[in-house]
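Engineer: Sequence and predicted structure are below.
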Amino acid sequence: KQEVTQIPAALSVPEGENLVLNCSFTDSAIYNLQWFRQDPGKGLTSLLLIQSSQREQTSGRLNASLDKSSGRSTLYIAASQPGDSATYLCAVIPSAGANSKLTFGKGITLSVRP
Amino acid sequence: NAGVTQTPKFQVLKTGQSMTLQCAQDMNHNSMYWYRQDPGMGLRLIYYSASEGTTDKGEVPNGYNVSRLNKREFSLRLESAAPSQTSVYFCASSEARGATGETQYFGPGTRLLVL
């Protein structure tokens, strides 16, 4: 059974810091990996999706990398801002016959201090 | 283009009562999903529908039923609510496997409290 782990559960950084959020998964046979953002009391917003054949994706100040062989992904946030404060979740879709069923990590709650 | 919408936003039920959570998407997606989110447990898949007319169980289906009414709508029913079903419920949709990206789009959630 695929398990997705995100450590630490919470992180507090000063504004302007570059930071890395980690995600690890136990089964390397994945179709893709997604990073989501969730604001308090809100739904999830997709940030980046990396196909299994890709190594990274970029969107603005965000960069996500994928290393299937080691079962790891990282979300890099450059020049963090207070508006980046949210919970960040990663999720994977297994390769075979999964009908897009995502397995989620429990998320990392980020607080960016002004 | 509203994306994924869910009703109601908040509901309080007594143990044993029934209710249906509604979800609709206007993105012409084939696949739709119901998740629950609980503190310390993360998001878990309850049921999904790969295409209109099909449904299948996810990780935690007990106590729930679903209906894929048409391509747009996917409802989740609690026949006899229990306190253990107190949670935040999210509906999501995506294009079918093989389309670009398989990004899932989420609704705003329904907060359910069962007393």
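Structural biologist: Received the coordinates, thanks.

Engineer: got a list of what B:Q104 touches?
Structural biologist: B:Q104 makes contact with A:34, A:44, A:46, A:100, A:102, B:33, B:92-94, according to CB atoms under 8 Å, 6 or more residues apart in numbering or on different chains. (Glycine included, C-beta is placed from N, CA and C.)

Engineer: and residue 82, what are its phi and psi?
Structural biologist: You didn't say which chain, so I picked chain A. Per-residue torsions, A:P82: phi -60, psi -30 (degrees, to the nearest 10).

Engineer: other chain: chain B
Structural biologist: phi -130, psi 150.

Engineer: Spell out which residues of chain B are next to chain A.
Structural biologist: B:4, B:31, B:33, B:40-45, B:48, B:50, B:56, B:58, B:90, B:92, B:94, B:97, B:101-109 (CB under 8 Å from any CB of the partner chain).

Engineer: Please spell out the PyMOL selection for the buried subset of these.
Structural biologist: The following PyMOL line selects those of the residues of chain B next to chain A that are buried, judged by 16 or more other CB atoms under 10 Å in any protein chain shown:
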select buried, chain B and resi 4+31+33+42+43+44+45+48+50+58+90+92+94+102+103+104+105+106+107+108+109
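
Engineer: Just the ones of the residues of chain B next to chain A in strands?
Structural biologist: Judged by DSSP state E, strands contain the following of the residues of chain B next to chain A: B:4, B:31, B:33, B:42-45, B:48, B:56, B:90, B:92, B:94, B:105-106.

Engineer: from the residues you listed, which is closest to A:V13?
Structural biologist: B:G42 (22.7 Å; CB to CB).

Engineer: For the closest residue to the closest one other than its chain neighbours, give its distance to A:Q2.
Structural biologist: Using CB to CB, 6 or more residues apart in numbering or on different chains and skipping the chain neighbours, the partner closest in space to B:G42 is A:K106 (4.1 Å). Separation of A:K106 from A:Q2 (CB to CB, to the nearest Å): 14 Å.

Engineer: do A:G107 as well
Structural biologist: 16 Å.
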